[in-house]
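Trainee: Sequence first, predicted coordinates after that:
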Amino acid sequence: MSAGIKKSNTKRRVKKPTGKKSSRISGFHALGRVERLAAVAEFAGLDSKTQKQFQSTGNLPGELAERLIENVIGTMNVPIGVATNLIVDGEELLVPMATEESSVVAAVCNAARQCRNTGGITASTSGALMIAQIQLVEVSDPEAARLKILEHKSEIAEICDGADPILIELGGGFRDLEVRVLQTQGGPMVISHLIVDTRDAMGANAVNTMAERLAPYIARWTGGKTYLRILSNLADRRLARARAVWKPSAIAVKGLGKQNMPGKKVRDGMLAAYHFAAADPYRATTHNKGIMNGISAVTLATGNDTRAIEAGAHAFAAQSGQYTPLTRWEIDGDGNLVGSLEMPLAMGIIGGATKAHPTARACLDIMDVKSAEKLQRITAAVGLCQNFAALKALATVGVQKGHMALHAQNIALMAGAKGTEIDRIAQIMTQKETVRLDIAEAELKQLRAN
Ligand code: MEV
């Protein structure tokens, strides 16, 4: 593409090498969104219906989407469902969750309802401390280099705080310095950790800027060479915690005929499920995946970085050397089931998509969230409820029953059902306890014939 290409919405063809299809589309980034989509459509042979699908950007205006990431051609809309029944630290809350997975929102509603009579969920956080790492190599005396860096702590505090005056105004800033000598395949490295209070920001930008500012000083003081200067997503100084109590009477399974289950039996089954996860990383991974169903859904709804949260969660779960569950379950002296969750939650409410995305802001408004700390507490509560619901389903009726109703509707839709046909076909398949596309198609045919 010639250098003269400017963003515009006029139809313009992208010059591509003739002959063989090539993904090298020079100047692609400089095109307008419509032109970019046309280029992709030409490359991939998209029909006009598919192109229309991309053109509709839902509640994220296309112009804004283009400011968030590069080479935008459309948006991916995910449903937002609202979890009801939550009481977190005494506050009644409705929590928006963005997820494509059925049953996730309903699960939180059910779990939260069943602990309302014990006051809901109690949550807390450890503070908003983020870690930035600076990697120093090529030092002949790593232990001495470590001490040299530590000797400059007050200068380091000044350099870091000077990099972000607004954070200082908000009460955040540099808090501590830790330096380790790390033995690696490539020889010893000296790793500095800047510990920074990032207040209501997730803090990646703030700590990365500080690390980049500081690195040349560290190289000068030690005579070594610095490479990486980046935050750690193992945010183990930014923990969120949640705990709740479920009475056996509140968790009994009723209305399932022979499958009626008294609360104590449900409780014991859930405890056994937890013990399984605590002993077995294969199960712990799925256990934690269920927790992340809730955590990631609130993270996404509020425009936070789902990958940062997920990486931190899984690393934290493996900190002992074995991958373990993020929740714990036990029985208290009164025979109640007590669940607790502790995990890193590096979430912010200022900056990035949390600020720019209108839906993210609206989701924060629903929860009246004015601080990152409150958002962390709510998210941890949702994670705990999510785990409760999964363990309860697994220890009793299984997860498929809960999934079935919505899944059946999806399949009915896929079979071509419209309007009231969708519910009818879904109902027939649920009653038959067989949800399959061929069945949906056959039932639809019959329904229409009648
Ligand atoms: C499904 O998305 C999540 C579960 O597998 C979690 C679990 O097994 O604990 C149901």
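Mentor: Everything's here; your move.
Trainee: Kindly state the pLDDT recorded for Lys401?
Mentor: pLDDT recorded at Lys401 is 76.
Trainee: Not counting its neighbours along the chain, what's nearest Thr99?
Mentor: Ranked by C-beta to C-beta, 6 or more residues apart in numbering and with sequence neighbours excluded, the top spatial neighbour of Thr99 is Ala297, at 4.1 Å. Just so you know, the C-beta spots here come from the backbone N, C-alpha and C atoms, and that holds for glycine as well.
Trainee: try Arg238
Mentor: Beyond its immediate neighbours in the sequence, the residue positioned closest to Arg238 (C-beta to C-beta, 6+ apart) is Ala346, lying 5.1 Å away.
Trainee: now swap in Leu37 and tell me
Mentor: Closest residue in space to Leu37, ignoring its immediate chain neighbours: Ile73 at 4.4 Å, by C-beta to C-beta, 6+ apart.
Trainee: Confirm for me that the one you found is in contact with Ala44.
Mentor: No - Ile73 is beyond contact range of Ala44, at 10.6 Å (criterion: C-beta atoms under 8 Å).
Trainee: out of those two, which sits in the busier spot?
Mentor: Taking Ile73 and Ala44 together and counting by other C-beta atoms under 10 Å, Ile73 has the greater number of neighbours (22 against 9).
Trainee: Now for the chain, the helix or strand with the poorest mean pLDDT.
Mentor: Ranked by mean pLDDT, DSSP states H and E, the weakest helix or strand in the chain is helix 400-414, scoring a mean of 84.
Trainee: SS state for the closest residue in space to Ala395 that isn't next to it in sequence?
Mentor: Using C-beta to C-beta, 6+ apart and skipping the chain neighbours, the partner closest in space to Ala395 is Gly269 (3.0 Å). At Gly269 the chain is in helix, as set by DSSP: H, G, I helix; E, B strand; the rest coil.
Trainee: how many neighbours does Gly269 have?
Mentor: A count of nearby residues for Gly269, using other C-beta under 10 Å, gives 17.
Trainee: And it, how far from the ligand?
Mentor: Distance of Gly269 to the ligand, computed by C-beta to the nearest ligand atom, to the nearest Å: 13 Å.
Trainee: Tell me who's in contact with Arg424.
Mentor: Going by C-beta atoms under 8 Å, 6 or more residues apart in numbering, Arg424 touches 417, 447.
Trainee: now it, what's its secondary structure?
Mentor: The three-state label given to Arg424 by three-state DSSP is helix.
Trainee: pLDDT score for it?
Mentor: 93.
Trainee: Likewise for Lys16?
Mentor: According to the prediction, Lys16 has pLDDT 52.
Trainee: still on that earlier bit, I figured the residue nearest to Ala395 hits Thr396, correct?
Mentor: Yes - taking contacts as C-beta under 8 Å, Gly269 lies within contact range of Thr396: 6.6 Å.
Trainee: what about stretch 22-29, start to end distance?
Mentor: Taking C-alpha to C-alpha, to the nearest Å, the first and last residues of stretch 22-29 lie 16 Å apart.
Trainee: Pull out the buried residues from that stretch.
Mentor: 25, 28 (16 or more other C-beta atoms under 10 Å).
Trainee: Next: stretch 172-179.
Mentor: Those would be 172-175, 177, 179, for stretch 172-179 by 16+ other C-beta under 10 Å.
Trainee: now swap in stretch 381-398 and tell me
Mentor: Buried positions in stretch 381-398, judged by neighbour count with 16+ other C-beta under 10 Å: 381-396.
Trainee: Identify the spatial nearest neighbour of the residue of the stretch 151-300 of the chain found nearest the ligand, chain neighbours not counted.
Mentor: In the stretch 151-300 of the chain, the residue that lies nearest the ligand is Gly290 (2.6 Å; C-beta to the nearest ligand atom). Closest residue to Gly290 apart from its sequence neighbours, by C-beta to C-beta, 6+ apart: Ala390 at 3.9 Å.
Trainee: Check whether the host helix or strand of the one you found comes near the ligand.
Mentor: Using DSSP states H and E, the element containing Ala390 is helix 372-395. Yes - part of helix 372-395 sits close enough to the ligand to count as contact by C-beta under 6 Å from any ligand atom, namely 390, 394.
Trainee: got the angle for that helix vs helix 400-414?
Mentor: With axes from the mean of the first three to the mean of the last three C-alpha atoms, to 10 degrees as the basis, helix 372-395 and helix 400-414 are set at 100 degrees to each other.
Trainee: now helix 372-395, how far from the chain's geometric center?
Mentor: With C-alpha atoms, centre = their mean, to the nearest Å as the basis, the distance from the averaged C-alpha position of helix 372-395 to the chain average is 13 Å.
Trainee: then it to CSV, C-alphas only?
Mentor: Taking only C-alpha atoms (Å, rounded to 0.1, in the frame of the first residue of the first chain), the coordinates of helix 372-395 have been written out as CSV:
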residue,chain,number,x,y,z
ALA,A,372,-10.8,-0.7,43.1
GLU,A,373,-10.9,-2.2,46.6
LYS,A,374,-14.7,-2.6,46.5
LEU,A,375,-14.6,-4.1,43.1
GLN,A,376,-12.0,-6.7,44.3
ARG,A,377,-14.2,-7.6,47.3
ILE,A,378,-17.3,-8.0,45.1
THR,A,379,-15.4,-10.1,42.5
ALA,A,380,-14.0,-12.4,45.2
ALA,A,381,-17.5,-12.9,46.6
VAL,A,382,-18.7,-13.9,43.1
GLY,A,383,-15.8,-16.3,42.7
LEU,A,384,-16.7,-18.0,46.0
CYS,A,385,-20.4,-18.2,45.1
GLN,A,386,-19.5,-19.7,41.7
ASN,A,387,-17.4,-22.4,43.4
PHE,A,388,-20.2,-23.1,45.9
ALA,A,389,-22.7,-23.6,43.1
ALA,A,390,-20.4,-25.8,41.0
LEU,A,391,-19.5,-28.1,44.0
LYS,A,392,-23.1,-28.3,45.0
ALA,A,393,-24.2,-29.3,41.5
LEU,A,394,-21.4,-31.8,41.2
ALA,A,395,-22.1,-33.3,44.6
